[in-house]
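> Below: sequence and its predicted model.
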Number of protein chains: 6
Amino acid sequence: MDKVRGILIGRMQPVHNGHMEVIKRILEEVDEIVIGIGSAQLSHEVKDPFTAGERVVMMTQALAEIDVDPSRYYIIPMQDINFNAIWASHVKMLTPPFSIVYSGNPLVKQLFAEEGYEIRQPPLYDRINLSGTEVRRRILKDENWQELVPKATADLLKEIDGVNRLKNLSVKEISDI
Amino acid sequence: MDKVRGILIGRMQPVHNGHMEVIKRILEEVDEIVIGIGSAQLSHEVKDPFTAGERVVMMTQALAEIDVDPSRYYIIPMQDINFNAIWASHVKMLTPPFSIVYSGNPLVKQLFAEEGYEIRQPPLYDRINLSGTEVRRRILKDENWQELVPKATADLLKEIDGVNRLKNLSVKEISDI
Amino acid sequence: MDKVRGILIGRMQPVHNGHMEVIKRILEEVDEIVIGIGSAQLSHEVKDPFTAGERVVMMTQALAEIDVDPSRYYIIPMQDINFNAIWASHVKMLTPPFSIVYSGNPLVKQLFAEEGYEIRQPPLYDRINLSGTEVRRRILKDENWQELVPKATADLLKEIDGVNRLKNLSVKEISDI
Amino acid sequence: MDKVRGILIGRMQPVHNGHMEVIKRILEEVDEIVIGIGSAQLSHEVKDPFTAGERVVMMTQALAEIDVDPSRYYIIPMQDINFNAIWASHVKMLTPPFSIVYSGNPLVKQLFAEEGYEIRQPPLYDRINLSGTEVRRRILKDENWQELVPKATADLLKEIDGVNRLKNLSVKEISDI
Amino acid sequence: MDKVRGILIGRMQPVHNGHMEVIKRILEEVDEIVIGIGSAQLSHEVKDPFTAGERVVMMTQALAEIDVDPSRYYIIPMQDINFNAIWASHVKMLTPPFSIVYSGNPLVKQLFAEEGYEIRQPPLYDRINLSGTEVRRRILKDENWQELVPKATADLLKEIDGVNRLKNLSVKEISDI
Amino acid sequence: MDKVRGILIGRMQPVHNGHMEVIKRILEEVDEIVIGIGSAQLSHEVKDPFTAGERVVMMTQALAEIDVDPSRYYIIPMQDINFNAIWASHVKMLTPPFSIVYSGNPLVKQLFAEEGYEIRQPPLYDRINLSGTEVRRRILKDENWQELVPKATADLLKEIDGVNRLKNLSVKEISDI
């Protein structure tokens, strides 16, 4: 079998239009894409408000919105581990066999390069104005965040009352017990 | 939003026709199904030969074979944890919100029932002759295991040389160092 | 300060009259007793049905029943760890300073003896007919288990529907998915 | 059984008069209180100098000083876990069943609120001048810290030479090997 | 640099003459040998009585006894991990780079073979009469175990009172609390 | 047996001439030295670029360069643990029995002092100009780092292409996905 598979890993807090753009471009270059939901263990923090399960819903429904062939992608939650030297192996265990790593992160690039993988820069998009950071900022400020995300993300946030979760978590406490 | 979601968890070592049958039946009862790949951390053992990633491939491709609408299922690898009392919570973190648990396992039923979930018996199929145990037995004996599994499972085993992996792991060692 | 403290560790699944008897006797020998609730991480298994929290309730209320001075005991849940060589140190971290270990278990005795602790055999009682094993057996058989336990244990089991939990967990499953 | 139980969680580094004040007030509102000793795994750091066991001694003896009925409280050490989404479940495993959470911490409030618990603000006291931070500062400066804590805390610090431990830990190292 | 390194992993409970024989033979085939002390986390059990540190002493002193050039070997304690699929990577992190794996264990062989390593059968010796099992059996029975081990092993057991540790651990307890 | 053993623990990122100087001096004071490779789990970070295995190679070969008697030292990788109160015990498990701790670190000194060990200040050398920090700085700036390290360290970095690893890891990423 000669399928070429590439992997893209992101925290997706939350899934936004930039992710979807990159995925579409990568699917022009490979047969199948592995989409890693990174830092899967994190949730309920201002920078990481959503659970792995919630992010899987967003991504699954967003891919269905744009009619990507379901036999061409895999969505895999991945917890962080504290051992850089075995992280590539940990990712391999959780995913279909792949040969290309899409990443601009120096650590990820170094770890997979040492294991002999081909590294590619992810296709470009406007990372400054279209980022998880910007989406979360707009949610907290009641600005228009919906234009930055797929309908699936907005639907899921409504289902779990995600806007209020994020706002509640951002409150500062005067002093702890 | 009023989607009804059910969850089914299995080790899927490997994915076989019984799994596909149960999934189709459950999809007649709920809007969306969460398919948990259980004991995700296990692999390379005679009873658990395949990695989580390999099992995700089998399931993804097998669902594509039978043309299930991709917006209706989620495939989630789940590692075991050693604390029964927090397992239901661990599953919740990893998955979309769900309300129905399909399981015949007494522990799973008790844990989710204590959390207030509806428990249903998974739809019936011939569990004696159609099981992971039987598939692995046939692989080791060079009998016809292909008839028990989707084409996707057979394809993946060829890609990873899975038959030889299982045979190699079943060798007995005379004495260890 | 010259308080003499002794430690007694047990799984207490559930707390029964034998535990209370031993604790009373030990309190005749030391100033204060540390009561370790062992294998605190286990619950919802036939041999370990109750959570750490549930066992703490049983013990706390049972000690109040017999009017033990509350400044003379400490009830501490203790999770197992997989490293025998650091277990004594783990226990020390979780407990008040103590100098005497009450145990008949060869491993516990060896580990604490190597650290220089005094080891004493726990005061005797009828261990064959008064044991967690016997209490659980009677619960499953609808025999009189109440006579073997403090009122506190019976009360807690009623509060959490503990009898049905144990019975549900003891059901055998025909075959797993 | 209809006991109303509330939970209060704090690091208690060390137990001080503010804790005791809050506990007395809560006991006017509920039947039983669960006192969680948070970050139980931490010790021997300037901000977290005391072990879980040492903090349990302080709290146990301080409650005996003020003659609280021992059947009305539970003292439970609780280690941090890195998964917010399962933390509420972890706390439940370790404690008696409770229905009210006393906390001013936004994360704690959000996590338990999502699980359906009633959240209450802890009764007020002077948190600026009566805090673990202030007690530790006074210990390091040889100021009068004893007036801020129960006698039990002062006794325990003497037993374990806690003042010197804190001072030793606060020394800065010029350069590490 | 073109050094050829081989790895040999064993539990070494305790180090015996068979280990030393195998190591000498392997050093005839490679430039440098990595000696893995397996299951490093285990100790104080009848089948695994000695700590990793104690086993390192035995091996270090035994190699000095036979005058092996110290620049030609590395002694590395290795804890078990529960994920077969990342075990090879875990071993790589802990060791110098190596290319040959000496093992008769089917799982070890399969895991390293999938990563592209050369697998060799360890040089032969009399494994039935010269094994950790036999040494431990003789210690418990007061038979001549000293003839099966290097002087270093006998010295270390004397230093730590290892014979009594093993005997104490082998005692059966009538009933646990 | 009356061997006096001392322990020295450092991260050794990488092994440099200061380490070798200190080890030689300590060997004038004790019979045997335990050399702990600290933070063994870390690698592939700018401050911790090398794996435990790579650091073991550097140290082993550097000791052979200066002809230290191999029966007088033990090189032991040690992972960090998150529980200060059991760290001393963790170190004991991994090492030969020792009685003297060479450390200038306040936490290490306090933890081992509480366990009754003798603490000694490591022999002096020029810590400002001879440190891992300085070696890594020179590597990144293409200055002469070789003069600060044993030949063994330079050889190992060449074998694993360590200079490029460090440079790659130091690249800043504009924005993450």
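Received the coordinates, thanks.
> ok, and for stretch A:85-103, which residues are buried?
A:85-98, A:100-103 (16 or more other C-beta atoms under 10 Å in any protein chain shown). Just so you know, the C-beta spots here come from the backbone N, C-alpha and C atoms, and that holds for glycine as well.
> and if you look at stretch A:62-73?
Quick answer for stretch A:62-73 (16+ other C-beta under 10 Å): A:62-64, A:68, A:70-73.
> Also stretch A:133-143?
A:134-136, A:138-139.
> Report whether it contacts chain D.
No: Stretch A:133-143 is not in contact with chain D by C-beta under 8 Å from any C-beta of the partner chain; minimum separation 13.2 Å.
> export the buried residues of stretch A:133-143 to JSON lines and tack on distance to chain E, secondary structure and pLDDT?
As requested, these are arranged in JSON lines below (distance: C-beta to the nearest C-beta, whole Å; DSSP: H, G, I helix; E, B strand; the rest coil; pLDDT from 0 to 100):
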{"residue": "A:134", "distance to chain E": "35", "secondary structure": "helix", "pLDDT": "95"}
{"residue": "A:135", "distance to chain E": "33", "secondary structure": "helix", "pLDDT": "96"}
{"residue": "A:136", "distance to chain E": "33", "secondary structure": "helix", "pLDDT": "97"}
{"residue": "A:138", "distance to chain E": "39", "secondary structure": "helix", "pLDDT": "97"}
{"residue": "A:139", "distance to chain E": "37", "secondary structure": "helix", "pLDDT": "98"}
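> Just the ones of the buried residues of stretch A:62-73 in helices?
A:62-64 (DSSP state H).
> Looking at those, which one is closest to chain F?
Nearest to chain F among those: residue A:62, at 14.9 Å, using C-beta to the nearest C-beta.
> so how far is residue D:152 from the closest one?
57 Å (C-beta to C-beta, to the nearest Å).
> Can you pull up the residues of chain A that come close to chain F?
So chain A meets chain F at A:8-11, A:18-19, A:22, A:82-85, A:103-107, A:109-111, A:113-114, A:122, A:127-128, A:131 (C-beta under 8 Å from any C-beta).
> can you name the two of the buried residues of stretch A:62-73 that are farthest apart?
A:62 and A:71 (17.3 Å; C-beta to C-beta).
> and the ones in helices among the buried residues of stretch A:62-73 as JSON lines, adding pLDDT?
Listed next are those as JSON lines, based on pLDDT from 0 to 100:
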{"residue": "A:62", "pLDDT": "97"}
{"residue": "A:63", "pLDDT": "96"}
{"residue": "A:64", "pLDDT": "93"}
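> Go through the residues you listed and say which is closest to residue D:26.
Distance to residue D:26, by C-beta to C-beta, is smallest for residue A:62 among those, at 45.9 Å.
> correct me, but that closest one touches residue A:153?
Yes: under the criterion of C-beta atoms under 8 Å, residue A:62 makes contact with residue A:153 at 6.7 Å.
> what's the overlap in contacts for those two?
Among the neighbours of residue A:62, those also in contact with residue A:153 (C-beta atoms under 8 Å, 6 or more residues apart in numbering or on different chains) are residue A:15.
> Can you show me the strands along chain A?
With DSSP state E as the criterion, chain A has strands at A:5-10, A:32-37, A:73-77, A:100-102, A:118-120.
> who touches the nearest residue to residue A:160 once chain neighbours are set aside in this structure?
Of all residues not flanking residue A:160 in the chain, residue A:54 sits nearest, at 6.1 Å (C-beta to C-beta, 6 or more residues apart in numbering or on different chains). Listed by C-beta under 8 Å, 6+ apart, the contact partners of residue A:54 are A:43, A:156, A:160, A:162, B:96.
> do the same with residue A:170
Going by C-beta under 8 Å, 6+ apart, residue A:170 touches A:46, A:140, D:106.
> mind listing what residue A:16 touches?
A:130-132, A:135, A:148-150, A:153.
> And those residues, which is closest to residue C:33?
Using C-beta to C-beta, the contacts of residue A:16 come closest to residue C:33 at residue A:132, 53.1 Å.
> What score does that closest one have for pLDDT?
Residue A:132 is assigned 94 on the pLDDT scale.
> and it, how many residues sit next to it?
Neighbour count for residue A:132, taken as other C-beta atoms under 10 Å in any protein chain shown: 24.
> now it, nearest residue through space, not along the chain?
Among residues not flanking residue A:132 along the chain, residue A:13 sits closest, at 4.7 Å (C-beta to C-beta, 6+ apart).
> Can you check the pLDDT for that neighbour?
97.
> What separation is there between it and residue F:154?
For residue A:13, the distance to residue F:154 - C-beta to C-beta - is 43 Å.
> again, but for residue A:129
47 Å.
> And these two? Which one has more around it.
residue F:154 (18 against 9).
> is it true that the more buried one touches residue F:146?
Yes: with contacts counted by C-beta under 8 Å, residue F:154 reaches residue F:146, the gap being 5.2 Å.
> Pull up the overlap in contacts between the two.
Counting by C-beta under 8 Å, 6+ apart, no residue touches both residue F:154 and residue F:146.
> how many neighbours does residue A:33 have?
Neighbours of residue A:33 (other C-beta under 10 Å): 25.
> can you list the residues of chain A near chain E?
Selection of chain A residues close to chain E by C-beta under 8 Å from any C-beta yields A:83, A:85-86, A:88-90, A:92-93.
> picking up where we left off before, which among the buried residues of stretch A:62-73 gets closest to residue A:34?
Nearest to residue A:34 among the buried residues of stretch A:62-73: residue A:73, at 7.6 Å, using C-beta to C-beta.
> what's the nearest residue to that closest one if we skip its chain neighbours?
Per C-beta to C-beta, 6+ apart, closest to residue A:73 is residue A:33, 5.0 Å.
> ok, now which ones touch that neighbour?
A:5-8, A:23, A:26-27, A:72-74 are the contacts of residue A:33 under C-beta under 8 Å, 6+ apart.
> Include pLDDT and distance to residue E:39 when you put those into CSV, please.
What follows is the contacts of residue A:33, written out as CSV (pLDDT from 0 to 100; distance: C-beta to C-beta, whole Å):
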residue, pLDDT, distance to residue E:39
A:5, 96, 36
A:6, 97, 38
A:7, 97, 33
A:8, 96, 38
A:23, 96, 43
A:26, 96, 43
A:27, 96, 45
A:72, 94, 43
A:73, 95, 40
A:74, 95, 35
